[in-house]
Every structure is written in C-alpha cells, then in structure tokens.
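S.K.: I'll drop the sequence and a predicted model, then ask my questions.
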2 protein chains.
Amino acid sequence: MIRIDAIDLFLLQVPDFDAARDPVKDTLLVRVRAGQFEGWGECEAAPFVSLAAFVTPESHSTSQPIGASVLGERLEDPADITRITQRVAENSMNVLQAPHIYSGVEMALWDTLGKKLEEPVYRLLGDERAFPKQPYVVQPFASAPEHTYLDMRRIVRAGYRAVKTGWNGFGGGDFAADRDQLAAAREGLGRDGRLFLDAARVWGNDVATARSYSHLLDAFDVEWVEEPFDATALGAFADFSHYHGRKRVAAGENVHSIAQARQLLDIADVGLIQIDCGRIGGIAAARDVALYADQRGASFVNHTYTSHLALSAALQAYAGMERHSLCEYPMDQSSLSWAICSEHLLPDGDGTICAPEKVGLGLPVAPEAVQKYAVDMEIRFGGTLLYRTPSIR
Amino acid sequence: MIRIDAIDLFLLQVPDFDAARDPVKDTLLVRVRAGQFEGWGECEAAPFVSLAAFVTPESHSTSQPIGASVLGERLEDPADITRITQRVAENSMNVLQAPHIYSGVEMALWDTLGKKLEEPVYRLLGDERAFPKQPYVVQPFASAPEHTYLDMRRIVRAGYRAVKTGWNGFGGGDFAADRDQLAAAREGLGRDGRLFLDAARVWGNDVATARSYSHLLDAFDVEWVEEPFDATALGAFADFSHYHGRKRVAAGENVHSIAQARQLLDIADVGLIQIDCGRIGGIAAARDVALYADQRGASFVNHTYTSHLALSAALQAYAGMERHSLCEYPMDQSSLSWAICSEHLLPDGDGTICAPEKVGLGLPVAPEAVQKYAVDMEIRFGGTLLYRTPSIR
C-alpha cells in the first residue's frame, strides 16, 4: 500500500517581472511523492499566501494546516482522494485560503495516482474517452482598434478560430469606442471566427447598462459575455440572463467552492460556467460542477491562464463530456507558465486539443525551469523552521 | 492631515498549549499608527495565514498584499475607512484570506480614528448612544449530564443568565442522551435562564433529523438553535426555519462577506444572524449586516470568542440598535484572549454589558501580554525580509 510520503512546494517567480511583457508573475507548484510515484499540480492566485496555508502551525481545530490532512494518507484509488478532500474541508474550514492551496495538491494527487494505476486521470474519474475541445485564446483589446485588428489577424494566422477579448476600458461609457473595438476584433477574426467578450465586472450591479450593450454584442456576433457583473450580483446576472439569453452569459473564474458554482447556475442563471481547477479545490470539484451544469443544460468550460499542467488538469474534469467542447487555452510561449512543462498540449491538425492519452496528467514538469524560477524562501516560526525552499532533485 | 504610517502584526501563541485547558491557542493582533494616534484590532482564525496575506509579495493585480492598499492612506474621517475597504476588496479580490486579515486591520483603523476624533467608534458609525446588551456565555455540554448541570450552576453563580451550549456528540443519534444533557443544562440554569443550542452543523443537510429534534428543543425552552446544517445547505436551513420557526434558527459565524450574510438571511431564512467582526471584514461590514437583518425583522448578534478588544469591536457594530439586545461574551479569565486587554467589559449591576463610553474601541492592549506571547518570526523571500516580529515598544 502506498501513502503520501512527501509534499514539496515551489514558489516560482519571474525575476525581472514586466507587466507589459509577462502574462504571469509567479505561481506555486506542488510535488507529491508516494511510494515510487511522483505527481505535480499548480495553484492559482497569491502563491505565497497559499504556501502559508499549507505550512501554517495548527490554530483552532478547524484551522489546521492543509498539509496535516494530506501527508501520510493512503493513496491507492480515487476514493482516497475523495476522503482526503473531505478531511481538508473539515479540518481547514476556517482557513479561507484552503481551496487555493488544496487545488494544486489535489491535482498532484491525481497525477500521482494516475501514474500508479497507469491511467489518464479522466479515466479514473469515470470517463471512457477524451473528446477533442476547441481551444480559444485570450487576447485583450489593444489600445486602439487598428491594433486590436492586427492582434486578431496574428491569432488567426497562428491557427486559432476562437478568441476571448475585452478589458482596456470596454463598457466604461464610451459606446462608440467600444463598438469600434468589437468591430475591429470581428474583422480581424473573420466572419467564421468565434468571438467572446470578458466584461470583467465592468457593470457592477447595473443591469440597465449591460442591457444597453446587448444589441452591440448581437451586431458583432459575440457568442457570450463573461462577468458582466460583480460576482455577488446574482440578481443582476439572473435579470440579464433572461434578457440577453442564458446561453450567452458566462461567469465563474473566481469560484472557490462547488456551492458557489451551483449558485451561479441556480440563482444567477448563467448558461456557461467557467471553472479554474487551480482555484475551486481541484479536478474532482471542477468535475462536480461540470456534471451539475450538464444536468441543467448549461455549458462548462475551464478557466486557465497558467501552465499546461494546469490545462491538462482542467481538461481531465470534463474530458468525456462531448457536448462541452470549448477550452480556454494559454498560448503564450514566452511565459513562465509555458516554461513549467517540458511538453505542451498543442492543437491537432483540425485545430482541437485533447486531454493527453498518458498516465496521470501526462505533462512532465521541467526541473530546470523549477530550478531557474524557484524563489529561495525561509520561514522561521519560534524555534521551528516552517518552510525552506526544497531541492528539485 | 494624518496618514496611516505603520501597521504592525503580532502573532501571539500560548507557549504550552493544552486543548483541555486553553480555549484559544493563538491569535493575530494588528497595531495601526497614524500621526500621534495608535489603534489595535484582532483577526480571527489561522493567524499565520492571515499574516502572510498582509505581507505577501504582489502577485496578479487582483492578488495584492493587503498592506499595500492600506499603508500611506489618509485617515481623517469614516469615509477614508470606507474607501480603504473598497481598495482592499478590489486589489486583493483573489487573495481568499483577505477578509480575515483585513478584519483586524479595519478594527484598528476605527480604533485609531476614534482616538483622533475623540469619539467611540459606534458614534462614528452614526449611532447616538450605546444600548446595554445581555451577555450570554458559551459552555459546551460536559462529558456527562451531571457535570453539565454543575457547569451551569457555576455560570449562574457567576451572575450570567444566558448560556449557549452544545457539541460533545449532541445530535449524533443518541436521542435519550441528548435529552438528558438538555435537561441537565436547563435544570442547572433554572427556569428563567435563557438557553441556546449550538448544533455545530451536526445534521449536515438532513432536515428530517433536525425536525425530529424540534420538540426536544421546545421541551427545554431552547430559544434558538445555531448551525443545525452545513453553511452551504441553504435549502435545508430554509425548510427547517419554516418548520421550527425562523426566529429560532441561527447561523453566520463563519461568514466572511456581506453577500454571504445576506444569503443566510434571504435564502436560508435564518432569524438570527451571528457575525464575527474578526472574520467578516471588520466593524463596518458587521454593521451593514446588522442593518440589513433589522430591515428584514431578523436579529443580529456578535460571534466572539477571543479578546475583549474584539468584543468591543463587535459591540460597536450594533451598539445603537436597541432591539438587538443579546451579546456573545467571552468570560474565561484564564485565556490568552483575556490577557490581551488590560481592562475588560464587565457586566453592570443589572448583568448587562455595553460598548465603552471611551474613544475608539476603548480597551487598551496590554503591552506585557503582547511581549510575553508574541512568537518570534522571520520570513525571508528571495533577498527580501518580508516579515520580522516587531517590537511592542
């Protein structure tokens, strides 16, 4: 029987970060060792705080370090991961950061277990096969429509047929400028390209303004609009979903619990739920949401802007669900995120991607990248060394 | 004009913690300095993780350290605190731990501002006067009913007329044992004592079992039952509230956003909302919930099991709301929490307590306690010293 022998955390950071150049500044990788097997995962958002949640001394009985609920546990079959997830939820109920750190841990557990059982993770989750997904890339509006047009042309030339755009002031009041940006994006992408818009919560709780954009979205065939409102504005979402069409309203990237995701589907009534495996608590939590969305006739898509390790984890959650055929795809090969894996999920000849037909998550982590980017850290708490950056070897 | 010049964090820990003896193991205190004024606050739950959220290097633009949104800001009137709260919410949206650390920071901002403006915090919040509240103490069921009886007698002798009890297996299936415990508590407390029950989520999502306890709660005149269900089981709460009576169902201690609290009132339909100022994001957030509960005909009460500094902060939020007349009261004078303040909020001759008629939060922190219990810590991140335990002087 194998048990979880060791969990090591590596906080990676771009040493000379430049927001204009680097899409990602830092990240947190998790390495699990169990018997002769090793697996990896990646946590999204605020890596240092997530690391702290793993190594923190125990406080209250419901504020235990995440590590304490995982280390030493049996890892023989998927039920073990279910049990560990439940332990973390109970023992760290009052560590708000827990879902973010556990997300990467859980991915690494699945990667390890897949290697032990010699199966891709999606098969351990009960799917027979992995269906191809159409990748969409994320390309914010440029500073001017003519540059937006050129960005879209570049993406089309790179072989992508679906783009999510937005930000850079969109929705902030200058309707004509917003129309010009959307027009440029549509023109650059071509009539057959799929265009999505991330409104980045610009309308707060203001349904009337969101409604005033509905015709504009129609005019440029924007399939769906993401996060028109603040995450808590469930009533605004529901109103707008009814008006604009449920299938054309998306949300969910910041969700960090299954319950939150269900509220977006049940109360906000969004038709597309976007889940980040690195935030919600891992692959099984994302899958739970995917199945629930499917039951409700909504669509599921991943939210991923980090490594292809995280992308593979995201794909495992809904690999076998043929109807849910889109995939958010990190394409920037100059990023820290890209460097993390030594292999990548590249589009096939028909432009689709697919969860790898390999054991575990199927994407090897590049030790030289971990070595290059890992920050040297040390945390001393009283007389105890809580954390020191481990060796990659 | 004064600005926030410095914020220092002190993680206190009982050096030889014994769960059987010590109600609290550790805590996180926040000291704010602005001009010649100094204020204090206390964060609830997982102090090391909250500390990390304050000092973390910036990650994504929505994962900024809490400190960055507060330090250097103007602190002249209540609108400044509102603005800072908004900054933290935006800049640290993806730091899950943010509400817990900001709770203590916000308390300390109010304490500082109250000293500058020479007013109690409740008056800065718009209340003219502070009404007395009846304190209730928390006393879990003992291992056997006869000891529960003795515990309750002791509490009555100490002058308290209201007790919340629960835990130690209550609700887990042995109905006769549960009845004996409740009977002992009621007998010890006397017929006129007010008795509340904390079910500590024992019934999960199971409304039928909760209903089967309804008559038992009636039989021993249990005014309300707290957390019969998991925090996410909003439907179960609503069903049970309808059956058992809305005013007799309570929840909210783990709430860390105003939106969550409103859902408990709107969807779970609880009649008593219990808010911890050290978790929800501070005094103004708690007050927002109190006002909302009041509008809906529900009752508001604090959740506090830490210091009397935190208790004062909790009271400020609803000091002027006469109808909301209960107060959860930490009475254990042997605790780390008690040692934090050099003065305490003690019941008056009529057994009530009241927000202090003093500037700020009105409760001085004992420097010798901070010195005695502060853990020596050091966090090194790359070439940077992120944190070192500051001097109390």
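M.R.: Nice, I can see it.

S.K.: and the residue of the stretch 1-150 of chain A at minimum distance from chain B, what does it touch?
M.R.: The minimum distance from the stretch 1-150 of chain A to chain B, using Cβ to the nearest Cβ, falls at A:Ala52 (3.3 Å). From N, CA and C alone the C-beta is placed, and that goes for glycine too. Taking Cβ atoms under 8 Å, 6 or more residues apart in numbering or on different chains, we find A:Ala52 in contact with A:Gln97, A:Ile379, B:Phe48, B:Val49, B:Leu51, B:Ala52, B:Ala53, B:Thr56.

S.K.: Would you map the strands across the stretch 51-200 of chain A?
M.R.: A:134-138, A:162-166, A:194-198 (DSSP state E, counting those that start in this stretch).

S.K.: Pairing partners for the first one, with directions?
M.R.: Right, the one you point to is strand A:134-138. Strand A:134-138 pairs in its sheet with strand A:162-166 (parallel), strand A:326-328 (parallel), by DSSP bridges.

S.K.: ok, back up a step: by neighbours, which of the contacts of A:Ala52 wins?
M.R.: Tallying neighbours with other Cβ atoms under 10 Å in any protein chain shown puts B:Val49 at the head of these, with 33 neighbours.

S.K.: distance of the residue of the stretch 1-150 of chain A closest to chain B from A:Pro65?
M.R.: 9 Å (Cβ to Cβ, to the nearest Å).

S.K.: Touching both of the two, which residues are there?
M.R.: Going by Cβ under 8 Å, 6+ apart, no residue sits against A:Ala52 while also sitting against A:Pro65.

S.K.: does A:Gly278 sit in a helix or strand, and which one?
M.R.: Per DSSP states H and E, A:Gly278 falls inside helix A:277-280.

S.K.: after that helix comes which helix or strand?
M.R.: helix A:283-295.

S.K.: With mean neighbour count, distance to B:Phe229 and mean pLDDT added, can I get the strands paired with strand A:134-138 in TSV?
M.R.: Formatted as TSV, these follow (neighbours: other Cβ atoms under 10 Å in any protein chain shown; distance: least, Cβ to Cβ, whole Å; pLDDT from 0 to 100):
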stretch	mean neighbour count	distance to B:Phe229	mean pLDDT
strand A:162-166	24	38	98
strand A:326-328	22	35	98
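
S.K.: Can you tell me which of the ones you listed is nearest to B:Gly72?
M.R.: B:Gly72 lies closest, by Cβ to Cβ, to one member of the strands paired with strand A:134-138: strand A:162-166, at 31.4 Å.

S.K.: Let me have the closest one in CSV, keeping just the CA atoms, if that works.
M.R.: Output in CSV follows, covering the C-alpha atoms of strand A:162-166 (Å, rounded to 0.1, in the frame of the first residue of the first chain):
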residue,chain,number,x,y,z
ALA,A,162,-11.9,31.4,-31.3
VAL,A,163,-10.9,34.3,-29.1
LYS,A,164,-12.0,35.9,-25.9
THR,A,165,-11.3,39.6,-25.8
GLY,A,166,-12.3,42.5,-23.5
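
S.K.: what inclination does that strand have with respect to strand A:194-198?
M.R.: Angle between the axes of strand A:162-166 and strand A:194-198 is 30 degrees (criterion: axes from the mean of the first three to the mean of the last three Cα atoms, to 10 degrees).

S.K.: Show residues contacting strand A:162-166.
M.R.: A:134-141, A:148, A:152, A:155, A:181, A:185, A:189, A:193-200, A:226, A:326, A:328.

S.K.: Which one of the strands of the stretch 51-200 of chain A lies nearest to A:Arg123?
M.R.: strand A:134-138 (22.0 Å).

S.K.: Contact partners for the nearest residue to A:Ser214 once chain neighbours are set aside?
M.R.: Nearest non-adjacent residue to A:Ser214, counting by Cβ to Cβ, 6 or more residues apart in numbering or on different chains: A:His244, 4.9 Å away. When contacts are counted by Cβ under 8 Å, 6+ apart, A:His244 touches A:Ala210, A:Arg211, A:Ser214, A:Leu217, A:Val225.

S.K.: quick one, phi psi at the first one?
M.R.: In other words, A:Ala210. Note on A:Ala210: its backbone torsions stand at phi -60, psi -40 [degrees, to the nearest 10].

S.K.: residues touching the nearest residue to A:Leu109 once chain neighbours are set aside, list them.
M.R.: Leaving out its chain neighbours, the residue that sits closest to A:Leu109 by Cβ to Cβ, 6+ apart is A:Ile81, at 5.2 Å. By Cβ under 8 Å, 6+ apart, A:Ile81 lies in contact with A:Leu75, A:Glu106, A:Leu109, A:Trp110, A:Leu113, A:Ala284.

S.K.: so how far is the helix holding A:Gly278 off the chain centroid?
M.R.: With Cα atoms, centre = their mean, to the nearest Å as the basis, helix A:277-280 stands 6 Å off its chain's centre.

S.K.: domain ranges for chain A?
M.R.: A:4-119+A:366-388, A:134-340 (automatic domain parsing).

S.K.: Out of those domains, which is closest to B:Lys25?
M.R.: The nearest among those, by Cβ to Cβ, is domain A:4-119+A:366-388 at 5.8 Å.

S.K.: ok, back up a step: indicate which one of the strands of the stretch 51-200 of chain A is closest to B:Glu368.
M.R.: strand A:194-198 (53.5 Å).

S.K.: helices or strands up against that closest one?
M.R.: strand A:134-138, strand A:162-166, helix A:175-189, strand A:222-226 (3 or more Cβ pairs under 8 Å, 6 or more residues apart in numbering or on different chains; DSSP states H and E).

S.K.: residue boundaries of the helices in the stretch 51-200 of chain A?
M.R.: A:66-70, A:78-91, A:98-117, A:121-124, A:145-157, A:175-189 (DSSP state H, counting those that start in this stretch).

S.K.: hang on, the earlier thing: so which of the strands of the stretch 51-200 of chain A is nearest A:Thr306?
M.R.: Of the strands of the stretch 51-200 of chain A, nearest to A:Thr306 by Cβ to Cβ is strand A:134-138, at 12.0 Å.

S.K.: So which bits of that closest one are buried?
M.R.: A:Gln134, A:Pro135, A:Tyr136, A:Val137, A:Val138 (16 or more other Cβ atoms under 10 Å in any protein chain shown).

S.K.: Nearest to A:Trp338 among these?
M.R.: A:Val137 (13.1 Å).

S.K.: partners of the closest one in the sheet?
M.R.: A:Val163.

S.K.: I figured it hits A:Cys327, correct?
M.R.: No - counting by Cβ atoms under 8 Å, no contact exists between A:Val137 and A:Cys327, whose distance comes to 10.2 Å.

S.K.: What sits closest to A:Pro330 if chain neighbours are left out?
M.R.: A:Tyr305 (5.4 Å).

S.K.: before we move on, what about A:Ala268?
M.R.: A:Phe237 (3.5 Å).

S.K.: Correct me if wrong: that neighbour contacts A:Arg246.
M.R.: No - with contacts counted by Cβ under 8 Å, A:Phe237 stays clear of A:Arg246, the gap being 9.8 Å.

S.K.: Now the common contact residues for the two.
M.R.: A:Asp269, A:Val270.

S.K.: Between these two, which is the more surrounded one?
M.R.: A:Phe237 (27 against 21).
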